[in-house]
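K.L.:
show me the folded form of this:
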Amino acid sequence: MSKGYSKNFIDMVNDADKNLLGVQLGSVCVKNDIPVSDVAEFLNVSRMTVYNWFKGSTRVCEPHLQKVEKLVNKLKN
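P.N.:
Coordinates of the predicted model:
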């Protein structure tokens, strides 16, 4: 288990719709143990926004869409 994320949160990300870009971001961040605060700072959004993306409760939209897509692709490789 990742030291930065609770088991409940990891389960929530794992159970979310993997077709959503934010959930894909959450999966790779959990896998690579990248803190939400780092992602939020990099994307210039709040930590709550990142948590909501990770859980699939909100969708990533412009102006963040392309930057998140690039980040997900980079972290997957």
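K.L.:
and the pLDDT for the residue positioned nearest the centre of the chain?
P.N.:
Centroid-nearest residue in the chain, with C-alpha atoms, centre = their mean: G26, separated by 2.7 Å. G26 carries a pLDDT value of 97.
K.L.:
which element is it on?
P.N.:
Following DSSP states H and E, one finds G26 within helix 21-31.
K.L.:
what lies in contact with that helix?
P.N.:
The contact list for helix 21-31 (C-beta atoms under 8 Å, 6 or more residues apart in numbering) reads 2, 5, 9-10, 13-14, 16-18, 34-36, 39, 50, 52-56, 58-60, 65, 68-69, 71-72, 75-76. Just so you know, the C-beta spots here come from the backbone N, C-alpha and C atoms, and that holds for glycine as well.
K.L.:
and these, which are buried?
P.N.:
5, 9-10, 13, 16, 34, 36, 39, 50, 52-56, 60, 68, 71-72, 75 (16 or more other C-beta atoms under 10 Å).
K.L.:
just the ones in helices from the residues you listed, please.
P.N.:
9-10, 13, 36, 39, 50, 52-55, 68, 71-72, 75 (DSSP state H).
K.L.:
now pLDDT and distance to G22 too, for these, in CSV please.
P.N.:
Output for those, formatted as CSV (pLDDT from 0 to 100; distance: C-beta to C-beta, whole Å):
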residue, pLDDT, distance to G22
F9, 92, 14
I10, 93, 15
V13, 94, 10
V36, 95, 12
V39, 96, 10
V50, 97, 8
N52, 96, 7
W53, 97, 3
F54, 96, 6
K55, 94, 8
V68, 97, 7
L71, 96, 11
V72, 97, 9
L75, 93, 13
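K.L.:
the residue nearest to the centre of the chain and L43: what is the separation?
P.N.:
13 Å (C-beta to C-beta, to the nearest Å).
K.L.:
how about K18?
P.N.:
K18 is 20 Å from L43, by C-beta to C-beta.
K.L.:
same check, this time on Y5
P.N.:
18 Å.
K.L.:
again with F54
P.N.:
As judged by C-beta to C-beta, F54 and L43 stand 12 Å apart.
K.L.:
with N77 instead?
P.N.:
19 Å.
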